[in-house]
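Asker: Build me a model:
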Amino acid sequence: MAKNKLENTYGSHVRWSLAKLLDVLRVHNTNVTFFITGSFYQQFPELIRSIHENGHEVAYHSHSHRHIETKEILLKELADSATFIREYSPRGFRAPYIYLPNGLLQVLRSHGFVYDSSTFASPGKRFEKDDMQIFPVSSISYSWNRRSFPIYPKRLESRMFLREIPLGCGIMVSWLRKSYSNILQWYARRGISFIFYLHLWQLFPPPDLKFDSWTDKVLCYPCKFPLVDVLQYFLSQNSFHRMDDLLCVPSLKTAAVAHHFLTLDLE
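Answerer: Numbering: from 1, shown residues only. Presented below is the predicted three-dimensional model:
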């Protein structure tokens with residue numbers, strides 16, 4: 001009985017949160033990309049249908065949100081999500097924890113995926129690897145002597161902060177809040193697109209939101225404060241597009257004012 005009550009409370013919160021998010025995006029006439037796990041689809045198939053019907057891109061975020069370290073794990077995740085993939089034919093993929101080992105892009109390509117967003121690189125960077133388009137989440141290097149070609153793969157971990165700041169990571173938005181828009185506008189004025197992501201639970205944190213490790217308790221504590229008002233501010237100040245729009249343009253860096261790419265990870 002207690003378990004069913006907990007599941008009903010969680011489900012109600014997710015349905016309410018996503019309905020509010022879609023309303024906010026609709027009011028600002030903005031379509032974005034949702035990276036969705038197969039397990040989330042299995043729990044809330046009607047919500048994915050609503051995302052799609054509202055004009056947003058439905059992309060894939062693995063099935064169970066486990067670390068993908070081997071080809072066997074990736075194939076198992078894809079098989080478990082067969083119904084979701086068959087129904088929505090997602091073109092984009094983002095690995096959990098923004099990390100996909102070398103050699104697995106071919107697996108994604110063979111399953112119909114066209115682009116991947118499982119690494120970090122400087123804003124405006126995009127490249128091709130193993131016949132896949134790579135659209136990295138944005139990060140800022142400390143060094144002016146940056147590599148002309150981004151590193152792939154690149155793991156999101158504490159050591160990463162020794163060489164760069166993963167500004168496109170959702171936790172950075174929770175820390176910087178409305179001031180994050182200044183970063184977006186700085187790049188927009190220079191015609192450089194910026195890619196970042198948020199989670200539904202950051203926009204509408206559940207009342208029982210908890211963190212497991214002491215580092216998460218310290219670093220992620222700002223996630224306890226809802227970001228929906230921050231998102232509305234972003235939408236009023238910046239222009240955002242779907243990630244698959246990038247498949248139609250030759251470069252992330254343009255002479256005109258750039259469009260940014262807000263993505264939502266649902267897991």
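
Asker: Any stretches of the stretch 151-267 of the chain with poor pLDDT?
Answerer: Within the stretch 151-267 of the chain, the ranges that satisfy pLDDT under 70 run 211-218, 220, 250-258.

Asker: Mind naming the longest helix for this protein?
Answerer: helix 2-27 (DSSP state H).

Asker: chain center to that helix: distance?
Answerer: Helix 2-27 sits 19 Å away from the centroid of its parent chain (CA atoms, centre = their mean, to the nearest Å).

Asker: by contact count, what packs against that helix?
Answerer: helix 45-53, helix 200-203, helix 228-237 (3 or more CB pairs under 8 Å, 6 or more residues apart in numbering; DSSP states H and E). Every residue, glycine included, has its C-beta placed from N, CA and C.

Asker: Including mean neighbour count and distance to residue 27, could these go into a markdown table?
Answerer: Converted to a markdown table, the helices and strands packed on helix 2-27 look like this (neighbours: other CB atoms under 10 Å; distance: least, CB to CB, whole Å):
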| stretch | mean neighbour count | distance to residue 27 |
| --- | --- | --- |
| helix 45-53 | 16 | 16 |
| helix 200-203 | 22 | 14 |
| helix 228-237 | 16 | 8 |
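
Asker: what is the orientation angle of the longest helix of the chain with helix 45-53?
Answerer: Using axes from the mean of the first three to the mean of the last three CA atoms, to 10 degrees, the inter-axis angle of helix 2-27 relative to helix 45-53 is 10 degrees.

Asker: Count the neighbours of residue 28 for me.
Answerer: Neighbour count of residue 28, defined by other CB atoms under 10 Å: 15.

Asker: show me the contacts for it.
Answerer: 232, 235, 236 (CB atoms under 8 Å, 6 or more residues apart in numbering).

Asker: What ranges does the chain have for its strands?
Answerer: 33-36, 57-60, 92-93, 115-116, 120-121, 127-129, 132-134, 137-138, 140-141, 164-165, 195-199, 261-266 (DSSP state E).

Asker: Of those, give the one that comes closest to residue 210.
Answerer: strand 195-199 (14.7 Å; CB to CB).

Asker: Which elements pack onto the closest one?
Answerer: Counting contacts by 3+ CB pairs under 8 Å, 6+ apart, strand 195-199 packs against strand 137-138, helix 170-176, strand 261-266.

Asker: Swap in 10 Å and give it another go.
Answerer: strand 33-36, strand 137-138, helix 170-176, helix 180-189, helix 228-237, strand 261-266 (3 or more CB pairs under 10 Å, 6 or more residues apart in numbering; DSSP states H and E).
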